[in-house]
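**Student:** how does the following fold in three dimensions:
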Amino acid sequence: MQEPFQFIHFYKNSLQIYAINFHASSTPFTVFAPTDEAFEKLLKELNITADKLLEREDLKEILLYHVVPGTVMSDSLKDGMNVKTLAVKEVKISLDPIQVNDTNVVTPDIKASNGVIHVIDKVLVP
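**Tutor:** Alright, predicted model coming up:
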């Protein structure tokens, strides 16, 4: 699968730092992956560089907050449902438009070999 967003690679590489390798795992995952612009906006809001983001103590929690065990396609979402992330915190799903917390899903249902990616327009912060 070819990912259309540069930061999806950043995201996967960051998760691999924490021993979560999506490609090697047989467990399916749903990933809410922020766009390049979402990461750039977060870096501006925090007034830090990408390198400084990688040094944050809460980076693991932020990244795991974007991952849900299992494959959750957009047509199986229900308005108002709460979904537990790998950060052991819940995100709230809204429909029409599809949102995770207050973040828009801009490209849903990108199938991967072991799950699905939903591209979002903001970095989720627990």
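**Student:** so where is the protein shaky, pLDDT-wise?
**Tutor:** 1-26 (pLDDT under 70).
**Student:** show me where it has strands.
**Tutor:** Assigned by DSSP state E, the strands in the chain fall at 29-34, 67-69, 82-84, 90-94, 99-100, 103-112, 115-120.
**Student:** tell me the contacts of the closest residue to residue 82 other than its chain neighbours?
**Tutor:** Among residues not flanking residue 82 along the chain, residue 90 sits closest, at 4.3 Å (C-beta to C-beta, 6 or more residues apart in numbering). Any C-beta I mention is one placed from the backbone N, CA and C, and that applies to glycine too. By C-beta atoms under 8 Å, 6 or more residues apart in numbering, the contact list for residue 90 reads 82-84.
**Student:** dump those to JSON lines, plus neighbour count.
**Tutor:** Below are the contacts of residue 90 laid out as JSON lines (neighbours: other C-beta atoms under 10 Å):
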{"residue": "82", "neighbour count": "9"}
{"residue": "83", "neighbour count": "17"}
{"residue": "84", "neighbour count": "11"}
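**Student:** who's sitting farthest from the centroid in this protein?
**Tutor:** residue 47 (21.2 Å; C-alpha atoms, centre = their mean).
**Student:** quick one: it from residue 34, how far?
**Tutor:** 18 Å (C-beta to C-beta, to the nearest Å).
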